[in-house]
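Trainee: I'll drop the sequence and a predicted model, then ask my questions.
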Amino acid sequence: MKTSEPIGKAKRIFCGDCRLPFRSILLSSTFRVSPIVIRCWTLGACRAVALRRWVRRSTFFVDMTEAIFFDAVGTLFYLTKTVGDHYALVGREVGLTLDAQQLDRAFFTAWRRMPPRAAIDGPRENDDKGWWRELVDLVLDEVAPSLGELDRDNFFEVAYEHFAEAGVWELYPEVSDVLEKLQPRYELAVISNFDGRLRFILEQLGISKFFAHIFISSEIGADKPDPEIYRRALKFMNLKPDQVLYVGDDPDRDWKAAAATGLSVFELDREKNSLRDLLRIV
């Protein structure tokens with residue numbers, strides 16, 4: 001940032017990014033700045049605001065952070081259309097006419113009804129498709145209760161493959177640039193309740209190369225919001241909670257659960273911030 005406004009023998013410093021003045025920071029013979037440009041993430045007032053606003057845990061210190069864990073859906077990438085739109089498209093592929101809005105409402109009702117799975121000692125073998133099949137059956141019970149078993153089987157199999165296609169998902173615009181800047185400085189990992197399709201999706205979206213580890217709930221034997229999923233990831237990477245910053249968009253599955261494990265949490269809310277704001281605080 002550039003200095004301005006001489007005050008006696010000192011000068012006030014203004015942030016080169018947000019133009020806010022630093023608080024109680026003056027250039028003097030005992031305070032040397034090299035190089036002249038100082039960014040928000042070093043000493044800026046707006047960095048302090050970002051820390052207070054978006055990072056849970058007052059004991060967060062950048063110097064202690066060795067790794068950053070990311071949620072997947074809603075944090076790194078998103079569906080190109082609504083779930084209902086995609087289910088209606090799948091329906092047309094198997095010869096069914098289904099209403100997208102009804103499907104969307106039924107999906108989120110079914111999602112809330114799905115019971116949480118207790119943590120187990122090892123991976124859940126072949127459990128991913130079983131969980132999704134149960135959810136899809138709840139959706140179809142609501143929108144097409146008379147649908148026969150064969151049609152349900154066809155719908156589910158096509159839907160399961162459909163959501164593994166990269167074209168169904170899209171990166172948030174800042175993701176690649178942010179990950180590229182963070183990777184040289186931190187060990188990056190993903191923690192997600194998705195399933196084995198996640199690795200293919202990350203590869204197709206061009207960001208799998210940034211992550212040292214990808215932790216999938218069915219493979220690790222614990223689901224969010226159970227703090228056990230975070231504890232197992234920490235153990236695998238030989239890290240302590242205060243060495244990790246977690247980034248996610250869900251208040252319950254991400255923010256509360258990760259904080260309960262002792263992680264610092266960047267509370268992603270895309271109406272208020274983005275992953276680019278990470279670069280202001282780490």
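Mentor: Perfect, I can see it now.

Trainee: okay, and for the stretch 1-150 of the chain, where does confidence drop off?
Mentor: 1-63, 126 (pLDDT under 70).

Trainee: and the helices in it?
Mentor: Along the stretch 1-150 of the chain, counting by DSSP state H, counting those that start in this stretch, helices occupy 40-43, 45-54, 83-93, 100-113, 128-143, 149-162.

Trainee: send the alpha carbons of the fourth one over as CSV?
Mentor: So that's helix 100-113. What follows is helix 100-113, C-alpha atoms only, in CSV (Å, rounded to 0.1, in the frame of the first residue of the first chain):
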residue,chain,number,x,y,z
ALA,A,100,-38.9,-30.6,-11.9
GLN,A,101,-40.4,-28.4,-9.1
GLN,A,102,-42.2,-31.4,-7.4
LEU,A,103,-38.9,-33.4,-7.6
ASP,A,104,-37.0,-30.5,-6.1
ARG,A,105,-39.4,-30.2,-3.1
ALA,A,106,-39.5,-34.0,-2.7
PHE,A,107,-35.7,-34.2,-2.7
PHE,A,108,-35.1,-31.7,0.1
THR,A,109,-37.9,-33.2,2.2
ALA,A,110,-36.4,-36.7,1.7
TRP,A,111,-32.9,-35.3,2.5
ARG,A,112,-34.1,-34.0,5.8
ARG,A,113,-35.8,-37.3,6.6
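
Trainee: ok so, going back, including distance to residue 226 and mean neighbour count, could the helices of the stretch 1-150 of the chain go into JSON lines?
Mentor: In short, each C-beta sits where N, CA and C put it, glycine included. Shown next, in JSON lines, are these (distance: least, CB to CB, whole Å; neighbours: other CB atoms under 10 Å):
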{"stretch": "helix 40-43", "distance to residue 226": "33", "mean neighbour count": "16"}
{"stretch": "helix 45-54", "distance to residue 226": "24", "mean neighbour count": "17"}
{"stretch": "helix 83-93", "distance to residue 226": "24", "mean neighbour count": "19"}
{"stretch": "helix 100-113", "distance to residue 226": "17", "mean neighbour count": "16"}
{"stretch": "helix 128-143", "distance to residue 226": "15", "mean neighbour count": "17"}
{"stretch": "helix 149-162", "distance to residue 226": "24", "mean neighbour count": "15"}
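
Trainee: and for the closest residue to residue 227 other than its chain neighbours, the neighbour number?
Mentor: If the residues on either side of it in the chain are set aside, residue 227 comes closest to residue 261, at 4.3 Å by CB to CB, 6 or more residues apart in numbering. As a burial measure, residue 261 scores 18 neighbours (other CB atoms under 10 Å).

Trainee: need the strands for this structure, in chain order.
Mentor: With DSSP state E, the ranges of strands along the chain come out as 3-7, 10-14, 21-26, 55-56, 67-70, 77-79, 169-171, 187-192, 213-216, 244-248, 264-267.

Trainee: residue 178 and residue 218, how far apart?
Mentor: 27 Å (CB to CB, to the nearest Å).

Trainee: kindly state the domain boundaries assigned to this protein.
Mentor: 3-43, 50-76+172-280, 80-167 (automatic domain parsing).

Trainee: point out the most buried one among those domains.
Mentor: domain 50-76+172-280 (a mean of 18; mean count of other CB atoms under 10 Å).

Trainee: and that one, how far out from the chain's middle?
Mentor: Relative to the chain's own centre, domain 50-76+172-280 is displaced by 6 Å; criterion: CA atoms, centre = their mean, to the nearest Å.

Trainee: once you drop chain neighbours, what's closest to residue 221?
Mentor: residue 120 (4.7 Å).

Trainee: distance of the one you found from residue 223?
Mentor: Residue 120 is 10 Å from residue 223, by CB to CB.

Trainee: hmm, back to that, now distance to residue 192 too, for the helices of the stretch 1-150 of the chain, in JSON lines please.
Mentor: Output for the helices of the stretch 1-150 of the chain, formatted as JSON lines (distance: least, CB to CB, whole Å):
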{"stretch": "helix 40-43", "distance to residue 192": "27"}
{"stretch": "helix 45-54", "distance to residue 192": "21"}
{"stretch": "helix 83-93", "distance to residue 192": "17"}
{"stretch": "helix 100-113", "distance to residue 192": "15"}
{"stretch": "helix 128-143", "distance to residue 192": "12"}
{"stretch": "helix 149-162", "distance to residue 192": "17"}
